[in-house]
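Trainee: got a predicted structure plus its sequence, pasted below:
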Amino acid sequence: MSFLDDFLVRAALAGLGVALATAPLGCFVVWRRMAYFGDATAHAAILGVALALTFEVSIFAGALSVALLMALVSAGLSGRTHASDTLLGVLAHTALAAGLVAASFLSGVRIDLMGYLFGDILAVSRADLGVIWAGAALVALLIGWRWSALLTSTLNPDLAYAAGINPERERRVLMVALAIVVAVALKVVGALLIVSMLIIPAAAARPLSNGPERMAILAALAGSIAALGGLWGAWTFDTPTGPTIVCTAAVLFALATLGERVAALTTRRG
């Protein structure tokens, strides 16, 4: 009997895979203030699921394709006719609504909308686990390969141009990585909670970090603790797993913020 036969083991490994995929990317989402952009991409994944089931192709491929298309469309239109946050809000909710409407037209196909909206980590199969870890490895390699260029273009676009770096190209790299993360995390935390796992662990790591590399490492640690702690909490208290994972991440953020405040007060009194 393989240890992967245990659904809790598969769930734990899936949570760790998603945490490692979202950690470095989440740092850039926080630094670039791309939360709305992440929402639009994640919500589009539901439309991708509906289209994948309609044309009988891989759900991962459908979610990835539509998420990537949404990322490219929102980046191309942003700031041209409407403010960025307005446009992204329109695209995000339109994509989610269109996905839900498309799913309602599927006949003879059983679709667990709650699972895709809020995740169903306990139902992760071996195949899902392989996809999650392959996606996490791809995102890690992509971010690692472009780390210096991404960081420079994020902190100072003018300096990036002077160094021969194209900030727009680096933004496209982030779009591709974000689309992969959305497709990978869909099974674990669902379309409505994916951005939470991008933002909250990175935000929790920020007060404890004195550099970008340290923040990425601490974000990965916070995300891993949230995934495992949330899984344990859901199993113990019989609560929805995806939301419990996000709540655990929120507790870590609150503790990190409180610790920063206490440290600041102690320094002033000293």
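Mentor: Arrived safely, thanks for sending. Please read all numbers here as calculations on a predicted model, not as lab measurements.
Trainee: what sits against the closest residue to residue 128 other than its chain neighbours?
Mentor: Taking Cβ to Cβ, 6 or more residues apart in numbering as the measure, residue 128 lies nearest to residue 187, with 5.4 Å between them; neighbours along the chain are not counted. C-betas here are computed from N, CA, C, even on glycine. Residues in contact with residue 187, defined by Cβ atoms under 8 Å, 6 or more residues apart in numbering, are 14, 115, 119, 120, 121, 123, 124, 128, 132.
Trainee: before we move on, which element is residue 187 in?
Mentor: Assigning secondary structure by DSSP states H and E places residue 187 in helix 167-189.
Trainee: ok, now residue 18?
Mentor: helix 7-32.
Trainee: so residue 126 sits against residue 13, correct?
Mentor: No: taking Cβ atoms under 8 Å as the contact criterion, residue 126 and residue 13 are not neighbours in contact, 10.0 Å apart.
Trainee: list the buried residues of the helix or strand following the helix holding residue 18.
Mentor: Towards the C-terminus, the helix or strand next in line after helix 7-32, according to DSSP H and E, is helix 35-54. Burial within helix 35-54, assessed by neighbour count using 16 or more other Cβ atoms under 10 Å, is assigned to 35-53.
Trainee: same check, this time on stretch 132-149
Mentor: Within stretch 132-149, the residues that qualify as buried by neighbour count (16+ other Cβ under 10 Å) are 132, 133, 135, 136, 138, 139, 140, 142, 143, 146, 149.
Trainee: please report the distance of the closest residue to the fifth one other than its chain neighbours from residue 97.
Mentor: So the one you mean is residue 138. In space, not counting the residues next to it along the chain, residue 138 is nearest to residue 180; the distance is 6.0 Å by Cβ to Cβ, 6+ apart. According to Cβ to Cβ, to the nearest Å, residue 180 and residue 97 sit 24 Å apart.
Trainee: higher neighbour count, those two?
Mentor: A count of neighbours by other Cβ atoms under 10 Å puts residue 180 above the other of residue 180 and residue 97, at 23 against 13.
Trainee: of residue 126 and residue 13, which one has the most company?
Mentor: A count of neighbours by other Cβ under 10 Å puts residue 13 above the other of residue 126 and residue 13, at 17 against 11.
Trainee: the nearest residue to that one once chain neighbours are set aside: what's it in contact with?
Mentor: Nearest residue to residue 13, sequence neighbours excluded (Cβ to Cβ, 6+ apart): residue 129, at 5.8 Å. Contacts for residue 129 (Cβ under 8 Å, 6+ apart) come out as 4, 10, 13, 14, 17.
Trainee: equivalent analysis for residue 194, please.
Mentor: Residue 194 neighbours (Cβ under 8 Å, 6+ apart): 22, 38, 42, 45, 181, 182, 185, 186.
Trainee: from those, pick the one nearest residue 31.
Mentor: Here the nearest of these to residue 31, counting by Cβ to Cβ, is residue 38; it sits at 12.8 Å.
Trainee: which residues touch the closest one?
Mentor: 29, 178, 194, 195, 198, 199.
Trainee: doesn't residue 71 make contact with the second one?
Mentor: Yes: using Cβ under 8 Å as the test, residue 178 is close enough to residue 71 to be in contact (6.1 Å).
Trainee: what about residue 130, how many neighbours?
Mentor: 11.
Trainee: does it belong to a helix or a strand, and which?
Mentor: Applying DSSP H and E, one finds residue 130 within helix 126-145.
Trainee: what angle sits between that helix and helix 7-32?
Mentor: For helix 126-145 against helix 7-32, the angle between stretch directions is 30 degrees (axes from the mean of the first three to the mean of the last three Cα atoms, to 10 degrees).
Trainee: pLDDT (mean, whole number) over helix 126-145?
Mentor: Per-residue confidence for helix 126-145 averages out to 92 on the pLDDT scale.
Trainee: just want the angle from the helix or strand just after it to helix 126-145.
Mentor: Of the helices and strands lying after helix 126-145 in sequence (DSSP H and E), the nearest is helix 147-155. Angle between the axes of helix 147-155 and helix 126-145 is 70 degrees (criterion: the same axes, to 10 degrees).
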